[in-house]
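**Q** Sequence first, predicted model second:
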Amino acid sequence: MFTPSMTREEIVAEAKQDFNQLKAFMQVELNAFGRRYNRKYNNSCIMGSIVHTRTFKTRRHNTWTFFLYIRDYAATRMHAVGCIYIQLNKYDGTSEYLILDLATECLPNLITTHFLQRYKERYLEPNHVKLGGISPALYFFCLGGERKMSNYTPKNWTEEDMEQRFVLISPQGLIVVADEGDLRTFITFLDQENLSRYKAQIYEEEQMIAKVLDCEKASGWYDQTLKFMQIFNTPNAREILRRFFTRAKQWRPESKQEDMELFFKSFDELERIVRWQWDYIEKCSSDKEREELRKTYKPDITNKIKGISFLKNMI
């Protein structure tokens, strides 16, 4: 049975003890729910959302709640989300939520008291969200949209924080989590300042990518050299591009680390050649000399832009 004094490891162990019972219960409930509400089984027209809950007590005397929420209907099927959860009471009178996905393996998620407080202050209240009787924890977990990995790091994080924590991005905002063994703990919901900084980083990445792709369109070595120098003179150009590739791997999982390293190898070689050509341009003392150089000097740097084709595939 869950108790307030349990450690994180003991909470996971207790959840796993219950899981085989819960799995069978969930399947029965899902089948019954589908037969009752799915339009493929009946001709009734249901408008709006529907919330369905059932409680289940395991042999270890833990009472879990099965939660399903129909968001909307398509022509022949319904769109539903759900989970199974238990509220864990603490000695100070507050509660945490232990939530399991409707999955075939036990992957517990712990929504902490601190996270819920920050989520209310920084998302629910400012956006005047009407929960419709759903708890904030379930609203966040089931209705908050897809959560993806980000490469964002808050300014005030220590080395220890960076080793133990990471940030997820969702349509609602930025979420700090930690994976402790099989348990994912939701620690806090970041504020608007962090979200603004994250968006600024994304904008910086997109601007850099646009500049790189624009270089390929430039006509002739002279214009390409000028455009590439704008990139190479950006102090953190490599870091911006590396951030982009890390983020891009989320929607292009087939991309490999070697692909990124190949791009940067090509990028470094291109920088060496472009800077060498820039030296020629710099030696010209007048516009007339530069124009003459532009006409007579014909290096081929287009074959050095191999990495750009890889970059285009990542977008």
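**A** Sure thing, it's come through.

**Q** mind listing the helices in the stretch 51-200 of the chain by residue range?
**A** For the stretch 51-200 of the chain, the helices defined by DSSP state H, counting those that start in this stretch cover 113-119, 136-143, 159-164, 192-217.

**Q** Highest mean neighbour count out of these?
**A** helix 136-143 (a mean of 21; mean count of other Cβ atoms under 10 Å). (Glycine included, C-beta is placed from N, CA and C.)

**Q** and that one, what does it pack onto?
**A** Applying 3 or more Cβ pairs under 8 Å, 6 or more residues apart in numbering; DSSP states H and E, one finds that helix 136-143 makes contact with strand 63-73, strand 78-89, strand 95-100, strand 108-111, helix 113-119.

**Q** The longest one pairs with which strands?
**A** To tie it back to what came earlier, the one meant is strand 78-89. As defined by DSSP bridges, the strand partners of strand 78-89 come to strand 63-73 (antiparallel), strand 95-100 (antiparallel).

**Q** Reformat those as JSON lines; add mean pLDDT, mean neighbour count and distance to N89.
**A** Output for the strands paired with strand 78-89, formatted as JSON lines (pLDDT from 0 to 100; neighbours: other Cβ atoms under 10 Å; distance: least, Cβ to Cβ, whole Å):
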{"stretch": "strand 63-73", "mean pLDDT": "83", "mean neighbour count": "18", "distance to N89": "12"}
{"stretch": "strand 95-100", "mean pLDDT": "96", "mean neighbour count": "22", "distance to N89": "5"}
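
**Q** So which of the ones you listed is nearest R294?
**A** Nearest to R294, of all the strands paired with strand 78-89, is strand 63-73, at 60.3 Å by Cβ to Cβ.

**Q** circling back to that earlier point, so for Q230, which of the helices and strands packed on helix 136-143 sits nearest?
**A** helix 113-119 (40.5 Å).

**Q** what does the closest one contact?
**A** 90, 94-97, 136-137, 140, 175, 186-191 (Cβ atoms under 8 Å, 6 or more residues apart in numbering).

**Q** same question, stretch 82-102
**A** Outside stretch 82-102, the residues touching it (Cβ under 8 Å, 6+ apart) are 2, 4-5, 11, 15, 19, 22, 26, 30, 56, 62-69, 106-113, 116, 135, 137-138, 141-142.

**Q** Go again with 7 Å.
**A** 2, 4, 11, 15, 22, 26, 62-69, 106-113, 137-138, 141-142 (Cβ atoms under 7 Å, 6 or more residues apart in numbering).

**Q** Could I get the helices and strands packed on helix 136-143 in a markdown table, plus columns for distance to E205?
**A** Compiled in a markdown table, these are given as follows (distance: least, Cβ to Cβ, whole Å):
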| stretch | distance to E205 |
| --- | --- |
| strand 63-73 | 32 |
| strand 78-89 | 31 |
| strand 95-100 | 33 |
| strand 108-111 | 29 |
| helix 113-119 | 27 |
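
**Q** Out of the ones you listed, flag the one nearest I240.
**A** helix 113-119 (29.4 Å).

**Q** Can I get the closest one as PDB, trimmed to CA atoms?
**A** The C-alpha coordinates for helix 113-119 follow below in PDB (Å, rounded to 0.1, in the frame of the first residue of the first chain):
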ATOM      1  CA  THR A 113       2.900  19.400  -5.600                       C
ATOM      2  CA  HIS A 114       5.400  22.100  -6.700                       C
ATOM      3  CA  PHE A 115       4.700  21.500 -10.400                       C
ATOM      4  CA  LEU A 116       1.000  21.700  -9.900                       C
ATOM      5  CA  GLN A 117       1.300  25.000  -8.100                       C
ATOM      6  CA  ARG A 118       3.500  26.600 -10.800                       C
ATOM      7  CA  TYR A 119       1.300  25.100 -13.500                       C
END
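
**Q** from here on, count from 24
**A** I'll keep to 24 as the first residue from here, and by that count the last item is helix 136-142.

**Q** Would you agree R313 is in contact with C307?
**A** Yes - using Cβ atoms under 7 Å, R313 is in contact with C307, at 4.4 Å.

**Q** tell me the mean pLDDT for the lengthiest helix in the chain?
**A** If you go by DSSP state H, the chain has its longest helix at helix 31-60. Per-residue pLDDT over helix 31-60 has a mean of 86.

**Q** what angle do it and strand 101-112 make?
**A** Put simply, helix 31-60 runs at 150 degrees to strand 101-112, going by axes from the mean of the first three to the mean of the last three Cα atoms, to 10 degrees.

**Q** what's the helix or strand for the nearest residue to M231 once chain neighbours are set aside?
**A** Sequence neighbours aside, I263 is the residue nearest to M231 in space, at 4.6 Å (criterion: Cβ to Cβ, 6 or more residues apart in numbering). Using DSSP states H and E, I263 maps to helix 260-271.

**Q** Now do the buried residues in that helix.
**A** A260, R261, I263, L264, R265, R266, F267, F268, R270, A271 (16 or more other Cβ atoms under 10 Å).

**Q** H84 touches T26, doesn't it?
**A** No - assessed by Cβ under 7 Å, H84 is found out of contact with T26, at 10.9 Å.
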